[in-house]
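Chemist: Fold the following and give me the result.
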Amino acid sequence: MSLCERPLSRIVEALPRSGIRRFFDLVSGMEDVIALGVGEPDFPTPWGISSSCVYGLERGRTSYTSNYGLIELRRGIARHLAATYGVEYDPETEILVTVGVSEALDLALRALLNPGDEVIIPQPCYVSYVPCVVMASGQPVTIPTTAATGFAVDPQEVEARVSRRTKALLIGYPNNPTGAVLSPAALRGLAEVAERHDLFVISDEIYDQLRYGSPHVCFASLPGMRDRTLLLNGFSKAYAMTGWRVGYAAAPARVVDLMVKIHQYTMLCAPITGQMAAIEALRRGQKYTAAMVAEYDRRRRVMVAGFNRIGLECLEPQGAFYTFPSIRATGLSSEEFCERLLHEERVAVVPGNAFGECGEGHVRATYANSLENIREALNRIERFVRGLRR
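Modeler: Below you'll find the predicted structure:
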């Protein structure tokens, strides 16, 4: 057997390709497509934030930073978490700046898991959760949720899946793709399960500021949870900074110490330009976030009402910027619906099974798009659905 024929990584070869990326590839090159699939703000980064980066560039701030990230940024994150959620972290040892929350997730799992350790993951969930557990030599244990319960995970179901190999619970609320949030009672129930079984909790809270009802509850702020929680967050969604690639992890020092070991050998540091912009976002960015959330709220109501009018039952999301309507009434699978809608009406949404098997029968549609485009997309979807019924 020649070198070119020898097996490569069996773990990576066995991973499925991202269902989201496949539909992005289909859209590429097509004209007159209304894209409701991309999970990023349609707003540009506010100039007040971007200008801080320009100011730094003009003064030659283009170097590496500490592996942990700029101390000014880490102090700002610590102040933000203390003021907003009442959770105190040492910026010197308990906060790590990462290249987006995606890197923070990867580092957290690799720092926590030994081969065969289990991680409980409610689904539907962000597409990276299961693959990242697998690549960290862990074993994902998924729990399906449904529209009937508002896509909320039941703490009793979590507890029923705990085994002697369970190491952590991985949650992401407000949720991508459903927009669901968990009630304070449900969060307390999960915290009690984690404490009874001595579990870590990896809490992805990247959408914490995109809420349309009650305030966000930070998992680390719950009684007894601060020292067993790996809190992941960043700047992409709330400040329209996806391309800047700045996230962070806040966790006990012994966990962050291991995460930094991996980070310093693989990524070294997050880009200094992005870190400088993030400092400004924490200082003066809340007015921009508030304006974006108000606009998302308007679009959210239009999209939910539109799907329900069409006959595609859709729960009202309470966070993030996604809807997750059911398409079961059409008789099509999630992938069939998305492919036909794209080719026949030039509207791009993402099949629900990209976020776990229990997402089958749904599609994800983002309202991070203009009201004009959302209304036109709903008209096209209605025409498509009417055609199926005929």
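Chemist: Residue 186 and residue 153: what is the separation?
Modeler: Separation of residue 186 from residue 153 (Cβ to Cβ, to the nearest Å): 7 Å. Bear in mind the C-beta positions are built from the backbone N, C-alpha and C, glycine included.
Chemist: Point to the helix or strand of the protein where mean pLDDT is at its lowest.
Modeler: helix 19-27 (a mean of 68; mean pLDDT, DSSP states H and E).
Chemist: Provide the contact partners of the helix or strand hosting residue 203 at residue level.
Modeler: Taking DSSP states H and E as the criterion, residue 203 maps to strand 200-204. Residues outside strand 200-204 that contact it (Cβ atoms under 8 Å, 6 or more residues apart in numbering) are 101, 105, 108-109, 112, 119, 126, 167-172, 190-191, 194, 218-220, 225, 228-233.
Chemist: where in the stretch 101-250 of the chain is pLDDT low?
Modeler: Of all residues in the stretch 101-250 of the chain, none has pLDDT under 70.
Chemist: Spatially nearest residue to residue 82, not counting backbone neighbours?
Modeler: Spatial nearest neighbour of residue 82, excluding adjacent residues (Cβ to Cβ, 6 or more residues apart in numbering): residue 88 at 5.4 Å.
Chemist: so where do the strands sit in this structure?
Modeler: With DSSP state E applied, the chain shows strands at 34-35, 95-98, 118-123, 139-144, 166-172, 200-204, 229-234, 247-250, 322-323, 347-348, 350-351, 363-366, listed in chain order.
Chemist: Let's have these in JSON lines, adding mean neighbour count and distance to residue 297.
Modeler: Shown next, in JSON lines, are these (neighbours: other Cβ atoms under 10 Å; distance: least, Cβ to Cβ, whole Å):
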{"stretch": "strand 34-35", "mean neighbour count": "21", "distance to residue 297": "20"}
{"stretch": "strand 95-98", "mean neighbour count": "26", "distance to residue 297": "29"}
{"stretch": "strand 118-123", "mean neighbour count": "25", "distance to residue 297": "25"}
{"stretch": "strand 139-144", "mean neighbour count": "17", "distance to residue 297": "29"}
{"stretch": "strand 166-172", "mean neighbour count": "24", "distance to residue 297": "21"}
{"stretch": "strand 200-204", "mean neighbour count": "25", "distance to residue 297": "22"}
{"stretch": "strand 229-234", "mean neighbour count": "27", "distance to residue 297": "21"}
{"stretch": "strand 247-250", "mean neighbour count": "27", "distance to residue 297": "25"}
{"stretch": "strand 322-323", "mean neighbour count": "27", "distance to residue 297": "13"}
{"stretch": "strand 347-348", "mean neighbour count": "23", "distance to residue 297": "22"}
{"stretch": "strand 350-351", "mean neighbour count": "28", "distance to residue 297": "22"}
{"stretch": "strand 363-366", "mean neighbour count": "27", "distance to residue 297": "14"}
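Chemist: Show me the one of those that comes nearest residue 14.
Modeler: strand 139-144 (12.8 Å; Cβ to Cβ).
Chemist: Adjacent strands (with direction) for that closest one?
Modeler: strand 118-123 (parallel) (DSSP bridges).
Chemist: From the chain's centroid, how far away is the strand it pairs with?
Modeler: How far strand 118-123 lies from its chain's middle: 15 Å, per Cα atoms, centre = their mean, to the nearest Å.
Chemist: Looking at residue 186 and residue 153, which is more packed in?
Modeler: residue 153 (25 against 18; other Cβ atoms under 10 Å).
Chemist: can I assume the more buried one is in contact with residue 123?
Modeler: No: contact between residue 153 and residue 123 fails when scored by Cβ atoms under 8 Å: they sit 9.1 Å apart.
Chemist: now the helices: where do they sit in the stretch 201-350 of the chain?
Modeler: 253-266, 272-284, 286-310, 334-345 (DSSP state H, counting those that start in this stretch).
Chemist: Please name every helix or strand in contact with the last one.
Modeler: If I follow you right, that is helix 334-345. helix 19-27, strand 347-348, strand 350-351, strand 363-366, helix 371-389 (3 or more Cβ pairs under 8 Å, 6 or more residues apart in numbering; DSSP states H and E).
Chemist: about what we covered before: I'd like the strands of the chain laid out as JSON lines, including distance to residue 24.
Modeler: As requested, the strands of the chain are exported to JSON lines (distance: least, Cβ to Cβ, whole Å):
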{"stretch": "strand 34-35", "distance to residue 24": "9"}
{"stretch": "strand 95-98", "distance to residue 24": "24"}
{"stretch": "strand 118-123", "distance to residue 24": "21"}
{"stretch": "strand 139-144", "distance to residue 24": "24"}
{"stretch": "strand 166-172", "distance to residue 24": "21"}
{"stretch": "strand 200-204", "distance to residue 24": "22"}
{"stretch": "strand 229-234", "distance to residue 24": "21"}
{"stretch": "strand 247-250", "distance to residue 24": "21"}
{"stretch": "strand 322-323", "distance to residue 24": "16"}
{"stretch": "strand 347-348", "distance to residue 24": "8"}
{"stretch": "strand 350-351", "distance to residue 24": "9"}
{"stretch": "strand 363-366", "distance to residue 24": "13"}
